[in-house]
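In: Requesting a structural model of the entry that follows:
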Amino acid sequence: MRLPLTALTRYERIGVIAANAINTEFRLPTQGGNLPMDRFIESLRLTVRFRLTNAVAAITAEHADMPFSIIERVEVSGFHRIRMQNEVFINVRGSDLAELNRLYNGPQRVNGANIDGASKIYPGAIRALDHRLTWAINAVNDIEFNLDVPFVPLGMPLWKQAEYLLDAPNYDNLTLRIFWADALQLVVAAGATLTLSAFGAVGGNPAITVSGRFAQAGPSLFRGFVPGRIWRTFQEVIAAPMLAVANQQRIFNLPRGNRIRSMLLKVGQKVAVTAGNNVYGALGWPGGLFALAGPPDSGVPVEQFALTPGNVTVFRGTNKVNRVYDSFLDLGEETVRAYGVRPRSGYGLIDYCEHGIEDEIFDLRALIAGPTGDVDCFIQWDIPAAVALSAAVVVYEEWRGGPRNLNPVQRS
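Out: The predicted structure is shown next:
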């Protein structure tokens, strides 16, 4: 349906969160921690600013998920009065959310300035340099980045996105929860004293500025319109079967009962850090690295790609193949073809609507409670290397329900 929109992404700041403790959940300091519930929302933006200082010892490595991993997880939930149910429809880790944004919206920048006075801009697409921060003892690294939290299906026509706006006025207790991690989610620095403070300052607290993009519909105010809901949630597999070389290993059981638009896949090695943290120190598996570079003297840095799963297969029922890809590199080429952006090494995107056509979506609504029981749906792949702490993540974009117009039909 076409809505009488007067604005789809009107940008406004909502509030600022002071991250005054590590490994802590934070909410907005205004409106009882609730998001604005007077308008429809297209997305949120989190602008994160902080200073990382390492005293006593030097930094020796940066984690692959850095710096987005300082946001351990983002969750948005509330009670929908019309559907009469509690919904946790956004539940994604910061690093994976950043990769989704990069693939659909283009490369993201991470701004930084260090103790040597040099300002740096780190494109999120490039991890070719040995390191991006200053590692020396007593180094000071100021870091700033944006992290968007979309509520609509990215990469679809704008009129289709409007059908899945967040109808905040229909919710009670619509809450944004940000799980803030600690400095061990960013770097390895054995023996160092790592501190987080305000951006550009010795003291103070890291800050998360929360802004929103609001939709408006003129005089109609979206009366009678109930959008569908996009759910972005994740699963993770650690330990077996990710630790041994083997073919055709079942990795993820897919959620059924709704429609899956896309699945962002990630493989790598986790780091044994403080309890509750889930950073990946490396993406992919070591060995078999090769490099893709720009033309000679182009100034384009080399980007390295690690070993990734082979024969990535999606099953819609036993022995019924829905999709099969030779490797994550194969997946990456599909993403480049659709959006002009290549996933980072260790990531792969299966997008069923890469041309913006809703009819291509992976429809699993009829695959539960059938006459012969549930239909088995899962992802399997070949594991090419045995590496300790290997793990995998999938981030789903599910379309639950569809847009409805509750206004009565006018009859002449």
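In: lowest confidence element among the helices and strands of this protein?
Out: Across the helices and strands of the chain, mean confidence by mean pLDDT, DSSP states H and E is lowest for strand 119-123: a mean of 45.
In: residue closest to the middle of this protein?
Out: The centre of the chain sits closest to residue 97, judged by C-alpha atoms, centre = their mean, with a distance of 1.5 Å.
In: Can I take it that that one is in a helix?
Out: Yes - secondary structure of residue 97 (DSSP: H, G, I helix; E, B strand; the rest coil): part of a helix.
In: Now do the contacts for it.
Out: Going by C-beta atoms under 8 Å, 6 or more residues apart in numbering, residue 97 touches 68, 71, 74, 147, 148, 149. C-beta: built from backbone N, CA, C; applies to glycine.
In: For those residues, give me JSON lines that also has neighbour count.
Out: Shown next, in JSON lines, are the contacts of residue 97 (neighbours: other C-beta atoms under 10 Å):
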{"residue": "68", "neighbour count": "24"}
{"residue": "71", "neighbour count": "25"}
{"residue": "74", "neighbour count": "21"}
{"residue": "147", "neighbour count": "22"}
{"residue": "148", "neighbour count": "19"}
{"residue": "149", "neighbour count": "23"}
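In: if we can go back for a sec, could you say what helices and strands the helix or strand following the least confident helix or strand of the chain packs with?
Out: For strand 119-123, the following helix or strand on the C-terminal side (DSSP states H and E) is strand 139-150. Counting contacts by 3 or more C-beta pairs under 8 Å, 6 or more residues apart in numbering; DSSP states H and E, strand 139-150 packs against strand 40-55, strand 71-80, helix 94-105, strand 109-114.
In: Just the buried residues of strand 139-150, please?
Out: Within strand 139-150, the residues scored as buried using 16 or more other C-beta atoms under 10 Å are 139, 140, 141, 142, 143, 144, 145, 146, 147, 148, 149, 150.
In: same question, stretch 395-408
Out: 395, 396, 397, 398, 399, 400, 403.
In: taking these one by one, which sit in strands?
Out: Of these, the ones assigned to strands by DSSP state E are 395, 396, 397, 398, 399, 400.
In: Make JSON lines out of those residues and add distance to residue 186 and pLDDT.
Out: Conversion of those to JSON lines gives the following (distance: C-beta to C-beta, whole Å; pLDDT from 0 to 100):
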{"residue": "395", "distance to residue 186": "21", "pLDDT": "98"}
{"residue": "396", "distance to residue 186": "27", "pLDDT": "98"}
{"residue": "397", "distance to residue 186": "27", "pLDDT": "97"}
{"residue": "398", "distance to residue 186": "31", "pLDDT": "97"}
{"residue": "399", "distance to residue 186": "34", "pLDDT": "96"}
{"residue": "400", "distance to residue 186": "34", "pLDDT": "93"}
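In: Which single one of the residues you listed is nearest to residue 180?
Out: residue 395 (20.1 Å; C-beta to C-beta).
In: quick one on the thing from earlier: winner for burial among the helices and strands packed on strand 139-150?
Out: helix 94-105 (a mean of 23; mean count of other C-beta atoms under 10 Å).
In: So which residues of the chain form helices?
Out: 94-105, 158-162, 328-339 (DSSP state H).
In: For residue 318, which of these is the nearest?
Out: Minimum separation from residue 318 across the helices of the chain (C-beta to C-beta) falls at helix 328-339, 23.6 Å.
In: What is the burial count for residue 29?
Out: 12 (other C-beta atoms under 10 Å).
In: quick one, what contacts the residue lying closest to it once chain neighbours are set aside?
Out: Leaving out its chain neighbours, the residue that sits closest to residue 29 by C-beta to C-beta, 6 or more residues apart in numbering is residue 15, at 5.9 Å. When contacts are counted by C-beta under 8 Å, 6+ apart, residue 15 touches 28, 29, 30, 209, 210.
In: one more time with 10 Å
Out: Counting by C-beta atoms under 10 Å, 6 or more residues apart in numbering, residue 15 makes contact with 27-31, 33, 35-36, 176, 208-212.
In: so what's residue 24 up against?
Out: Listed by C-beta under 10 Å, 6+ apart, the contact set of residue 24 reads 72, 178, 179, 180, 181, 182, 276.
In: What separation do you get for it and residue 226?
Out: Taking C-beta to C-beta, to the nearest Å as the measure, residue 24 and residue 226 are separated by 35 Å.
In: Buried by neighbour count: which residues of stretch 168-184 qualify?
Out: In terms of neighbour count (16+ other C-beta under 10 Å), stretch 168-184 has its buried residues at 168, 170-171, 174-184.
In: same thing with stretch 186-205?
Out: Those would be 186, 187, 189, 192, 194, 195, 196, 197, 198, 199, 205, for stretch 186-205 by 16+ other C-beta under 10 Å.
In: And stretch 31-40, by the same measure?
Out: 34, 35, 36, 37, 39, 40.
In: Send over it as CSV, restricted to the C-alpha atoms.
Out: Only the C-alpha atoms of stretch 31-40 are listed here, as CSV (Å, rounded to 0.1, in the frame of the first residue of the first chain):
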residue,chain,number,x,y,z
GLN,A,31,10.9,9.5,29.4
GLY,A,32,11.5,6.7,31.9
GLY,A,33,14.0,5.1,29.5
ASN,A,34,11.4,4.8,26.7
LEU,A,35,11.8,5.8,23.1
PRO,A,36,9.5,8.6,21.8
MET,A,37,6.1,7.0,21.4
ASP,A,38,4.3,9.8,19.6
ARG,A,39,5.5,9.2,16.0
PHE,A,40,6.5,6.4,13.7
